[in-house]
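Give me coordinates for this.
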Amino acid sequence: MSLDYITSILGPMLEGAQMTVLLFLIAIITAIPLGFLLTLAVKSSFKPLSFLAQGYIYVMRGTPLLLQLLFICFGLPMLPVVGEYLVLDRFVAACLGFVLNYAAYFAEIFRGGLLAIDKGQYEASQVLGLNKWQTTTRIILPQMFRVALPAVANESVTLVKDTALLYAVAVPELLHYAQTAVNRDFTIVPFFVAGLIYLIMTLVLTVVFKVIERRFKFE
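Okay, here's the model as predicted:
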C-alpha cells in the first residue's frame, strides 16, 4: 500500500487518537485521587464506610469494564422514574465508566502500597515526636507512592489500551476510524497504523513513568 494512502488515513486516525488521549487524561487525573480516597475509606475505623468501599471495589473489579460502560450508556436511561434524568452524552458516560472502574483498581494498588510499609515506620515516627498528620504526609504517603508507582504505571498503560472500548459505545476514537477505513478500502493496513499509534502512546507513557520512578528512587 502506498505512502499516499497511509497519509490519507492518518489524519482521521490522529483525530481519533485525540479522543483517546483526552479520555486517558480525564480518567487518570480523576481516578487516581478517587482511588486514594477509596483506600482511606477501606481502612476507615467507621465499619459501614469500610464495608461500602470494599463492596464497591469488589463489584467494579469483578465485572467487565465493557459491561459497566454499556450499563451507564444504555442501562441507566432505562431505569424507572429516574431514567430520563440519567441520559448522558456518550463520551461523558464513557469517562464516568472509566473513572469509576479504574478508581477501584488504583484503590487496591494504594492499599497494597500501604501494607508494604513496615510498622516500624509508624513507631519511629512516634519516637521522633511526629503527630499523625506529619507521619502520614511526610513518612507514610511518600513511601506508599514509591511502592505503588510501578503498579500505577502498568495500570495506566492498560488504561490506554482499554480506551479502544469506546468503539463499543459508538464514540469515534482511534479504533473506530481504523475499522471504518478497513471496511471502506478492504485492507488491513489501517489496523497496523492504529497499532503503531497505540504503541507510540504507550511508549511515551512508559518513558514518563520511568523518569518519575527514577526521581522517586533518588529523592
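
Only C-alpha atoms from now on, for both contacts and neighbour counts.
Noted.

Could you point out which residue ranges in this structure have low pLDDT?
Within the chain, the stretches with pLDDT under 70 are 1, 217-219.

By residue count, which helix of it is the longest?
helix 3-42 (DSSP state H).

What is the following helix or strand past it packed up against?
Going down the chain from helix 3-42, the next helix or strand is helix 47-62, by DSSP states H and E. Applying 3 or more C-alpha pairs under 8 Å, 6 or more residues apart in numbering; DSSP states H and E, we find helix 47-62 packed against helix 3-42, helix 90-115.

can you pull the buried residues of the next helix or strand after the shortest one?
Read in the C-terminal direction, the helix or strand following helix 90-115 is helix 119-127, with elements assigned using DSSP H and E. By neighbour count, with 16 or more other C-alpha atoms under 10 Å as the criterion, the buried positions of helix 119-127 are 122, 125.

ok, residues contacting stretch 8-27?
Here stretch 8-27 makes contact (C-alpha atoms under 8 Å, 6 or more residues apart in numbering) with 95, 98-99, 102, 159-160, 163-164, 172-178, 181, 190, 193-194, 197.

If we use 6 Å, what do you get?
Applying C-alpha atoms under 6 Å, 6 or more residues apart in numbering, the contact partners of stretch 8-27 are 99, 173-174, 177.

most neighbours, which of these?
Taking other C-alpha atoms under 10 Å as the neighbour criterion, residue 174 ranks highest of those with 28 neighbours.

For it, list the residues it contacts.
Applying C-alpha under 6 Å, 6+ apart to residue 174 gives the contacts 13, 16-17.

export those residues to a markdown table and tack on distance to residue 68?
Shown next, in a markdown table, are the contacts of residue 174 (distance: C-alpha to C-alpha, whole Å):
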| residue | distance to residue 68 |
| --- | --- |
| 13 | 26 |
| 16 | 22 |
| 17 | 22 |
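
farthest residue from the center of the protein?
When distances to the mean C-alpha position of the chain are computed (C-alpha atoms, centre = their mean), the maximum falls on residue 127, with 38.5 Å.

Find the helix or strand that residue 159 is a member of.
helix 141-162.

Go through that helix and flag the buried ones.
Applying 16+ other C-alpha under 10 Å to helix 141-162 flags 141, 143-145, 147-153, 155-157, 159-161 as buried.

Look at residue 130 and say how many residues are nearby.
Neighbour count of residue 130, defined by other C-alpha under 10 Å: 15.

actually residue 206, sorry about that
16.

now do the one 3 residues further on
Residues contacting residue 209 under the criterion other C-alpha under 10 Å number 18.

now do residue 187
Residue 187, neighbours per other C-alpha under 10 Å, totals 12.
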